[in-house]
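> Build me a model from this:
(4 chains)
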There are 2 protein chains.
Amino acid sequence: MAQVEIADKGSRRTSPAVASELLDAALVEFSLHGFAAASTRAIAQRAGWHQPQINYHFGSKEELWRAAVDHLFAELEAELGWLDEPAEDPVAALRASLGRFVAFSARRPELHRIMSVETTVDGPRLAWIVERHAGRLFAEVRQGWEAVRASGAGSALSSVEAWQMVIGLGARPFANAPEILRVTGVAPQVDEQRSLLERLLGL
Amino acid sequence: MAQVEIADKGSRRTSPAVASELLDAALVEFSLHGFAAASTRAIAQRAGWHQPQINYHFGSKEELWRAAVDHLFAELEAELGWLDEPAEDPVAALRASLGRFVAFSARRPELHRIMSVETTVDGPRLAWIVERHAGRLFAEVRQGWEAVRASGAGSALSSVEAWQMVIGLGARPFANAPEILRVTGVAPQVDEQRSLLERLLGL
DNA sequence: GTCTATACCGAGATAGAC
DNA sequence: GTCTATCTCGGTATAGAC
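Presented below is the predicted three-dimensional model:
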């Protein structure tokens, strides 16, 4: 194979991008196998570096996980670009955010995979991720949905129901794409999931 | 604590239920941590037996996993009680099956947890579970949904979309209940998820 | 068939040369 | 900062007494 799978023995490289490359590799491994089953050796190998560099740059596997999740949510929020929108037309604003969220979920299935695997048991990582990221995300969705409903638009659904639909139909299908493909024979598509959501939400 | 956490040292028990008890414990551990991260020690301890008995009764961790999944799907299919229904009224039949599925998913969140954690990567366990169980389940749902649509009832959705909704809104919320509770402040309820699904599906 | 003891392996973390 | 070598721990599986 032409691709380098691991740093050559005896060779010595230097790069300011080590941490960044380790983060990207960590996201893939953590999302595919979960925190406990992912190995720092596999992460380092995927990034083309050595395992002890994880401890050097991040201190521990747990801190690497937190840094990777921070990195991923930062990417999502940059794409959503909230906070600055004055929301003149709440329906158009929510439709736009929804479309960006579905596209992001398809491009970065790691986010929902990590959420899903790390949130079946109520442990410290769940508490951390909700307090730091997911809670704020839900608050934004709830606010957007209530604005839509107050304007007279949207289906007769609570914000919790709307949230469940966004996650269950806008993110989960891409995170579990291998399953859906094998079971139904078709892979989920961004446009179809988005239009399904818009129809069901009445946007 | 009154509960025995592990067999007492030096004591010696015998039971025809060893395998069954190990299966139940395995379902909990596998669903909470995934196949790789679950440990056979923890499974045996949860059941009150010793770790080598897993290899004695099942041969390997992998075979224990398959036996546990078989056991779980058998429970589901017994509850659904398909195959014998002549489906005179397709809407009533699907409504009834849907209600039973949602109730089962709440009572046994292990099923969707295992599906979710084992189906993000397209490995041998995904192929096994789809060919042996999930594929048949989808075929039943598709058949039921197409009968509903042919009778003129139901929302204008494909059977794949209906399937995604059943999983995403009828099973996932209970599998990830800790997350939903922390994020939204409310725990998913059987009646609410069922009525939400019936509304959206037009049943 | 149940149990103790242990072989063997891969994990995360660390020491220390460079 | 990067790398090799290694420590320690916990994992599955197995051997063999009972």
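
> helix, strand or coil for the spatially most central residue of chain A?
Centre of chain A computed as the mean C-alpha position; nearest residue by CA atoms, centre = their mean is residue A:111, 1.9 Å away. State at residue A:111, reduced to three classes by DSSP: H, G, I helix; E, B strand; the rest coil: helix.

> cool, residue A:101 as well?
With three-state DSSP as the basis, residue A:101 sits in helix.

> Tell me how many other residues surround it.
22 (other CB atoms under 10 Å in any protein chain shown). No exception for glycine: its C-beta is placed from N, CA and C like everyone else's.

> quick one: contacts for it?
Going by CB atoms under 8 Å, 6 or more residues apart in numbering or on different chains, residue A:101 touches A:76, A:80, A:166, A:170, A:171.

> Repeat that for residue A:24.
Shown in contact with residue A:24 (CB under 8 Å, 6+ apart): residue A:47.

> ok so, going back, looking at the contacts of residue A:101, which are in helices?
Of the positions in the contacts of residue A:101, A:76, A:80, A:166, A:170 sit in helices, assigned by DSSP state H.

> how far away is the second one from residue B:183?
By that I understand residue A:80. 17 Å (CB to CB, to the nearest Å).

> Those two: which is more packed in?
Shown here are residue A:80 and residue B:183; by other CB under 10 Å, residue B:183 has more neighbours (22 against 17).

> before we move on, back to that, quick one: the residue nearest to the centre of chain A and residue A:171 touch, right?
Yes: in terms of CB atoms under 8 Å, residue A:111 counts as a neighbour of residue A:171; the distance is 7.2 Å.

> Now the residue in chain A positioned nearest to chain B. Nearest residue, chain neighbours left out?
Per CB to the nearest CB, residue A:168 is where chain A lies closest to chain B, at 2.7 Å. Among residues not flanking residue A:168 along the chain, residue B:168 sits closest, at 2.7 Å (CB to CB, 6 or more residues apart in numbering or on different chains).

> show me what contacts that neighbour?
Contact analysis of residue B:168 by CB under 8 Å, 6+ apart lists A:164, A:165, A:167, A:168, A:169, A:172, A:173.

> thought residue A:25 was touching residue A:40?
No: between residue A:25 and residue A:40 there is no contact, the gap being 10.0 Å when judged by CB under 8 Å.

> These two: which is more packed in?
Shown here are residue A:25 and residue A:40; by other CB under 10 Å, residue A:25 has more neighbours (22 against 19).

> is the helix or strand hosting that one up against DNA strand D anywhere?
Following DSSP states H and E, one finds residue A:25 within helix A:18-37. Yes: Helix A:18-37 reaches DNA strand D (CB under 7 Å from any atom of the strand) through residue A:18.
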